[in-house]
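Trainee: Give me the fold of what follows.
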Amino acid sequence: MSATSRTELDRRTPRVRGVLAQAGMELRLLVRSRESLLVTLGIPLGVLVFFSLVDVLPTGTGDPVDFLVPGVLAISVIATGLVAVAIQTAFERKYAVLKRLGATPLTRGDFLVAKGLAVAALLLVQTAAVLLIAAVGLGWRAGGGWLLVPGLVLLGAVMATALGLLLAGTLRAEATIAATNGLFLVLLVVSGVTFDPAALPAPLAVVGAYLPMGALGRALAAALAGEGLAVLPTISLVLWAVGAVAVGSRTFRWEP
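Mentor: Coordinates of the predicted model:
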């Protein structure tokens, strides 16, 4: 290794360590909040267990757990990226935490990367918990698609986190709470991830299928059923992710 390469590596190492340290802090902040844990773990796992055991929602002709697993994975992704991250970031902006980043070696870009890593780590735990409880406790078996699931969850995480940061960077903290929770509830109802979308009015079911939660749920459902990659829902996810990143990068305000 040349002297120039060693110098460049030495310069990058503290930055990488700083990003990882910040990612660890972001993860601890997410899991320390009882409200955040309720949204990211309590609600998805509660939906999975309750509606798998108590057949009160229309989920088609098969076993309810087969219908619910991909939908609950989609709920977990949206709950973490859109709701938890948005609210946390909005209050960090309100209390000038983001503004003070300018006085630290950690750049704003590094800060966003750290948030993304924290979301990825939490989603790894969430996904494992959902699949483990479904398989061991509820007798669920996937039809295939194991190689597609991590990529789809990652794509959904990018999309949801970008949407969350878009809201957190443009709205006041209090408005972010109302907007993210309201949007989460709307998506939960119209996306057809907790009950058969055929129970919805046809136009609403079509729209819900390509909203962020619905598109992710359908892509995961096709993968776990062994049907391969669902092209249209996946394209929808990509478009949502690209759009959120493009708009968020232009409108995000770092100062209160």
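
Trainee: what helix or strand does the spatially most central residue of the chain sit in?
Mentor: Among the residues of the chain, the one closest to the centroid is Val77, at 2.8 Å (CA atoms, centre = their mean). In this assignment (DSSP states H and E), Val77 forms part of helix 64-78.

Trainee: which element follows that helix toward the C-terminus?
Mentor: Next element after helix 64-78 (DSSP H and E): helix 85-94.

Trainee: Can you name every helix or strand that that next one contacts?
Mentor: helix 3-32, helix 108-132, helix 148-168, helix 173-190 (3 or more CB pairs under 8 Å, 6 or more residues apart in numbering; DSSP states H and E). Where C-beta positions appear, they are placed from N, C-alpha and C, glycine not excepted.

Trainee: Quick one: mean pLDDT for the last one?
Mentor: For helix 173-190, the per-residue pLDDT values average out at 94.

Trainee: What is it packed up against?
Mentor: Packed next to helix 173-190, using 3+ CB pairs under 8 Å, 6+ apart, are helix 64-78, helix 85-94, helix 148-168, helix 202-209, helix 212-224.

Trainee: Distance from the chain centre to it, please.
Mentor: Offset of helix 173-190 from its chain centre (CA atoms, centre = their mean, to the nearest Å): 14 Å.

Trainee: and the angle from the helix holding Val77 to helix 108-132?
Mentor: 170 degrees (axes from the mean of the first three to the mean of the last three CA atoms, to 10 degrees).

Trainee: residue contacts, Ala209?
Mentor: By CB atoms under 8 Å, 6 or more residues apart in numbering, the residues touching Ala209 are 191-192, 197, 215, 218, 233.
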